[in-house]
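*Asks:* make a model of this:
(one chain, ligands or ions: 1)
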Amino acid sequence: MSNTSIDIDSFVGALSLEEKASLGSGAAFWVTKQTAGLPAAVMEDGPHGVRHQSGDVDHMGIAPSDPATCFPPATALAQTWDPELIERVGEALGTEARSCGTDVLLGPGVNIKRDPRCGRNFEYFSEDPLLSGRMGAAWVRGLQRRGAGASVKHFAANNQEYERMRSSSDIDERPLREIYLRSFEHVVREARPWTVMAAYNRLNGVPATENHWLLTEVLRNEWGFDGLVVSDWGAVGDRIRAVRGGLDLQMPGGDAASDQEVVDAVRRGELAESVVTERARRAVQLALRADEARCAHPDVAFDVDRHHRLAREVAGRAIVLLQNDGDVLPLSADGGSIAVIGPFAVEPRIQGGGSSRVVPTRVDVAVDEMRAIAGPTAVTATDGYRHDGGDAERLRAEAARCAVAADVAIVFLGFTAREEAEGTDRTDIDLPAHQLELLDAVTAVQPRTVAVLVHGGVVRLHEVGARVPALLDGSLLGQAGGGAIADVLFGRVNPSGRLAETVPLRLEDAPSFPTYPGDQLRVRYGEGIFVGYRGYDRMKRDVAFPFGHGLSYTSFEYRDLQVSAAPDGIDVTVTVANTGPRDGREVVQIYLAKDGGVQRPPVELKAFRSVRLAPGESAAVQLSISRDDIAYWDISLHRWVVEGGAYTVHAGASSRDLRLTKEIEVDADAVRRPFTENSTVGELLTHPVAARVIAEAVRLGTGQTRSTASKELGIDAEKSGLHIPVGRVRSLSGGASLPKADLTRLLEAVNAELDS
Ligand code: BGC
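*Replies:* Residues are numbered from 1 along each chain as shown. Model (predicted):
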């Protein structure tokens with residue numbers, strides 16, 4: 001029976017201090033506490049499958065878990081650029097979670113991929129906050145619709161694994177708001193997750209789990225988060241400071257001593273009991289939500305085959321065709337013999353290592369799936385290399401023999417789970433030398449060679465792309481990835497995936513390169529807002545493949561871009577036509593730019609939509625850019641502000657393939673910036689009210705020109721006089737100008753007049 005009729009306030013009000021404190025930590029590794037008849041909630045990983053452990057427990061992905069569908073990890077999900085599809089994945093995950101009694105699935109991870117080396121980039125969506133936020137929100141909506149709660153993680157600025165438990169992400173206010181918090185903000189506001197997980201790292205010196213500004217002022221007070229804040233597993237260093245900061249639940253459980261610390265702190269008067277009550281309230285609310293969901297979704301079972309088919313559909317949609325010179329792809333199912341080379345073709349790598357590791361219900365093997373399409377005799381498979389690089393010469397020679405005898409070679413390259421796992425970062429993004437040597441041996445004898453890439457983080461591709469005509473980016477595709485790769489190779493699925501992260505020419509080109517992974521446990525995010533493509537574009541750096549890039553077996557034309565001002569932003573319509581021979585899907589991307597005013601990246605993604613078109617078909621694709629997404633974070637007002645003026649709207653197929661452009665005027669937000677002694681003379685003089693008062697104050701009649709006023713103030717306007725803060729004028733003029741007290745009065749009068 002559900003406990004929904006319970007009134008939380010009176011329930012919590014009846015609890016003793018000890019009971020309230022004890023609700024703030026877990027009972028066991030994955031379970032919260034039961035109190036006064038309230039059932040506990042089960043919280044488990046996540047995110048791309050349910051890691052339900054009915055035996056031994058761990059958060060490293062070592063102990064076994066019950067089989068569950070291993071969907072593509074976030075890195076691949078993002079490449080679909082399709083929130084509706086991701087919502088369906090969320091629903092399937094919710095059903096699986098409910099089927100094994102998991103109340104909260106620990107995901108999604110919406111941290112920004114700041115640096116290509118972060119070992120956990122496979123668990124995150126993108127380098128772009130809009131794309132990450134949209135994908136994360138869709139995932140949460142789907143999951144929670146099926147009766148399991150989400151835990152949006154890792155809040156916040158957990159962008160590297162190196163020293164993740166000790167290092168501080170030191171980020172200026174504007175990039176913090178516009179880049180690193182933005183995806184979380186979107187998910188919290190739009191999808192109302194049950195929980196948010198506070199990260200291991202520090203933010204600007206303060207541990208995330210103890211960070212009052214982050215957990216209380218921003219998350220709760222500004223964004224209106226109404227769920228529970230749980231710590232990452234083992235992320236709490238100081239329980240009292242964490243409780244004070246806004247942490248509701250410390251996980252994992254089993255630490256009764258720290259509950260007692262909370263009680264003692266209240267008794268000593270160091271912690272207000274009302275704070276502990278509020279935290280307990282959140283724990284009770286979570287337990288009730290879980291209970292309600294359990295009752296609303298009883299006896300859930302999931303259809304293993306159906307979920308596997310969904311995993312294959314999503315994986316197919318996530319694959320990015322990076323390059324296809326001479327239309328080597330798609331292969332024809334009755335078009336001759338195929339040499340498949342590389343261990344990943346027979347032993348698929350489906351996910352990354354660490355806490356997210358799911359035991360799949362089954363695994364599609366690429367070479368088997370290719371045989372299923374092309375026939376058993378058309379496909380010959382050989383290793384080509386071993387992951388440890390051993391026996392290289394013999395394996396290479398064998399691969400070359402195989403390739404020369406075939407009509408086309410498909411070479412699987414990439415990284416192993418050991419190289420890309422939670423807890424460690426990579427030191428480079430280069431494929432092992434023996435893989436490139438293999439590619440040389442194969443391409444020397446077989447010009448029709450396709451490279452299929454298997455990887456969680458970005459790979460240096462320049463050298464690979466220069467060797468082969470066709471490149472297929474398989475990233476990490478989950479348990480059905482082998483089937484999806486075969487689908488795309490043979491054109492059963494026309495690729496429509498788009499990169500969610502830039503592939504640089506060299507690691508050293510990455511905007512974060514100089515400051516990653518920090519020094520003396522402090523990581524200065526020195527590139528500011530210029531993260532990912534925002535930075536490569538700003539520095540005018542060539543890249544191997546830009547953000548948003550991806551090809552198709554058909555072609556698309558863009559025409560008739562229309563933009564119009566809407567009450568809440570900008571409405572955009574663009575017509576896209578399929579001008580090629582096949583059904584296909586195009587991801588229309590809308591980027592915004594503005595000259596002048598605050599510093600900005602050359603372009604920023606503001607909207608996207610994917611559209612499926614038959615050959616010869618065209619559609620008017622409608623998108624909208626909300627005012628919230630036009631705004632920048634103003635560091636003097638500490639709020640979002642829309643700058644007025646002319647904006648450029650670009651419609652394109654990637655961040656560097658902008659096909660159509662239109663200008664539009666956007667009204668400014670009404671913003672009041674009080675004048676201070678630090679306002680310049682120029683700023684005061686350009687403002688009609690302020691200029692008049694200034695002029696009066698220097699005993700000029702109204703209507704004086706700006707230059708006369710400047711002269712009177714003893715400043716040569718033609719030089720830099722107008723840039724002088726008004727508070728410095730007196731000392732610059734040798735005491736001839738307004739005394740300080742008069743200036744203060746004057747500014748007050750100006751501000752009062754502006755207010756009126
Ligand atoms: C990870 C989290 C995970 C938790 C529980 C931590 O090490 O950072 O993402 O949800 O363990 O396994």
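
*Asks:* now do V236 against V262, distance only.
*Replies:* 11 Å (C-beta to C-beta, to the nearest Å). C-beta: built from backbone N, CA, C; applies to glycine.

*Asks:* one more: P72?
*Replies:* 41 Å.

*Asks:* between these two, which one's more packed in?
*Replies:* P72 (34 against 26; other C-beta atoms under 10 Å).

*Asks:* and the more buried one, what does it touch?
*Replies:* Listed by C-beta atoms under 8 Å, 6 or more residues apart in numbering, the contact partners of P72 are 48, 311, 314-315, 318, 475-478, 481.

*Asks:* so it is in which element?
*Replies:* Per DSSP states H and E, P72 falls between elements, in no helix or strand.

*Asks:* count of residues packed around the residue lying closest to it once chain neighbours are set aside?
*Replies:* Excluding the flanking residues, the one nearest P72 by C-beta to C-beta, 6 or more residues apart in numbering is G478, at 4.0 Å. Other residues near G478 come to 30 when the count uses other C-beta under 10 Å.

*Asks:* hang on, isn't G478 packed against Q351?
*Replies:* Yes: look at G478 against Q351 with C-beta atoms under 8 Å: they come within range, at 6.6 Å.

*Asks:* would you mind checking the average pLDDT for the helix or strand where R141 lies?
*Replies:* Assigned by DSSP H and E, R141 belongs to helix 129-145. The average of the pLDDT scores along helix 129-145 is 98.

*Asks:* that helix: which residues count as buried?
*Replies:* 129-144 (16 or more other C-beta atoms under 10 Å).

*Asks:* next, see if that helix gets close to the ligand.
*Replies:* No: judged by C-beta under 6 Å from any ligand atom, helix 129-145 stays clear of the ligand, getting no closer than 14.0 Å.

*Asks:* how about stretch 195-207?
*Replies:* No: Stretch 195-207 is not in contact with the ligand by C-beta under 6 Å from any ligand atom; minimum separation 6.6 Å.

*Asks:* what comes up buried for that stretch?
*Replies:* 195-204, 207.

*Asks:* farthest pair within those residues?
*Replies:* T195 and N204 (23.4 Å; C-beta to C-beta).

*Asks:* ok and the residue in this protein nearest the ligand?
*Replies:* H59 (3.0 Å; C-beta to the nearest ligand atom).

*Asks:* pretty sure that residue contacts D45?
*Replies:* Yes: H59 lies in contact with D45 (C-beta under 8 Å); the separation is 7.3 Å.

*Asks:* need the residues touching each of the two.
*Replies:* Common neighbours of H59 and D45 (C-beta under 8 Å, 6+ apart) are S355.

*Asks:* re earlier: residue contacts, the residue of the chain closest to the ligand?
*Replies:* H59 neighbours (C-beta under 8 Å, 6+ apart): 29, 45, 233-234, 252, 355.

*Asks:* state the pLDDT value of it.
*Replies:* For H59, the predicted pLDDT is 73.

*Asks:* distance check, it against R51.
*Replies:* With C-beta to C-beta as the criterion, H59 and R51 are 9 Å apart.

*Asks:* and if you look at L436?
*Replies:* Counting by C-beta to C-beta - L436 and R51 are separated by 35 Å.

*Asks:* higher neighbour count, these two?
*Replies:* Neighbours were tallied for L436 and for R51 using other C-beta under 10 Å; the higher tally belongs to R51 (29 against 16).

*Asks:* ok, that one touching G354?
*Replies:* No: at 10.5 Å, R51 does not count as touching G354 under the criterion of C-beta under 8 Å.

*Asks:* which one of the contacts of P72 has the most neighbours?
*Replies:* Going by other C-beta under 10 Å, H48 tops the contacts of P72 with 36 neighbours.

*Asks:* which phi and psi does E643 have?
*Replies:* For E643, the backbone dihedrals (degrees, to the nearest 10) come out as phi -80, psi 140.

*Asks:* do the same with the one 4 residues further on
*Replies:* In terms of degrees, to the nearest 10, the main-chain angles of Y647 are phi -110, psi 150.

*Asks:* who in the stretch 151-300 of the chain is up against the ligand?
*Replies:* Residues of the stretch 151-300 of the chain lying near the ligand (C-beta under 6 Å from any ligand atom): 153, 232-233.

*Asks:* change it to 5 Å
*Replies:* Neighbours of the ligand within the stretch 151-300 of the chain, by C-beta under 5 Å from any ligand atom: 232-233.

*Asks:* what do you get for the stretch 1-150 of the chain?
*Replies:* 45, 59, 106.

*Asks:* the helix or strand containing G94 - what's its average pLDDT?
*Replies:* Applying DSSP H and E as the criterion places G94 in helix 83-99. Across helix 83-99, the average pLDDT comes to 98.

*Asks:* run the chain-centre distance for whatever helix or strand comes next after it.
*Replies:* Following helix 83-99 in sequence order, the next helix or strand is strand 104-105 (DSSP H and E). Strand 104-105 has its C-alpha centroid displaced from the chain centroid by 19 Å (C-alpha atoms, centre = their mean, to the nearest Å).

*Asks:* same question for stretch 238-250.
*Replies:* 26 Å.

*Asks:* quick one: buried residues of that stretch?
*Replies:* For stretch 238-250, by 16+ other C-beta under 10 Å, it's 239-250.

*Asks:* do stretch 174-192 as well
*Replies:* Quick answer for stretch 174-192 (16+ other C-beta under 10 Å): 174-188, 191-192.

*Asks:* ok, stretch 353-360 next?
*Replies:* 353-360.

*Asks:* filter those residues down to the ones near the ligand?
*Replies:* Answer for the buried residues of stretch 353-360 near the ligand (C-beta under 5 Å from any ligand atom): S355.

*Asks:* any chance of the buried residues of stretch 353-360 in a markdown table, plus pLDDT and distance to T502?
*Replies:* Converted to a markdown table, these look like this (pLDDT from 0 to 100; distance: C-beta to C-beta, whole Å):
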| residue | pLDDT | distance to T502 |
| --- | --- | --- |
| G353 | 91 | 24 |
| G354 | 92 | 24 |
| S355 | 93 | 27 |
| S356 | 94 | 24 |
| R357 | 94 | 27 |
| V358 | 95 | 28 |
| V359 | 96 | 33 |
| P360 | 98 | 30 |
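
*Asks:* now the closest residue to C118 other than its chain neighbours: phi and psi?
*Replies:* Nearest residue to C118, sequence neighbours excluded (C-beta to C-beta, 6+ apart): Q160, at 4.9 Å. Backbone torsions of Q160, given as degrees, to the nearest 10, read phi -150, psi 160.

*Asks:* list the contacts of Q160.
*Replies:* Q160 touches 114-115, 117-119, 167, 425, 516-518, 523, counting by C-beta under 8 Å, 6+ apart.

*Asks:* I'd like to know which of the residues you listed are part of strands.
*Replies:* Applying DSSP state E to the contacts of Q160, the entries found in strands are V523.

*Asks:* my read: D238 touches S231, true?
*Replies:* No: with contact defined as C-beta under 8 Å, D238 does not reach S231; the gap is 11.4 Å.
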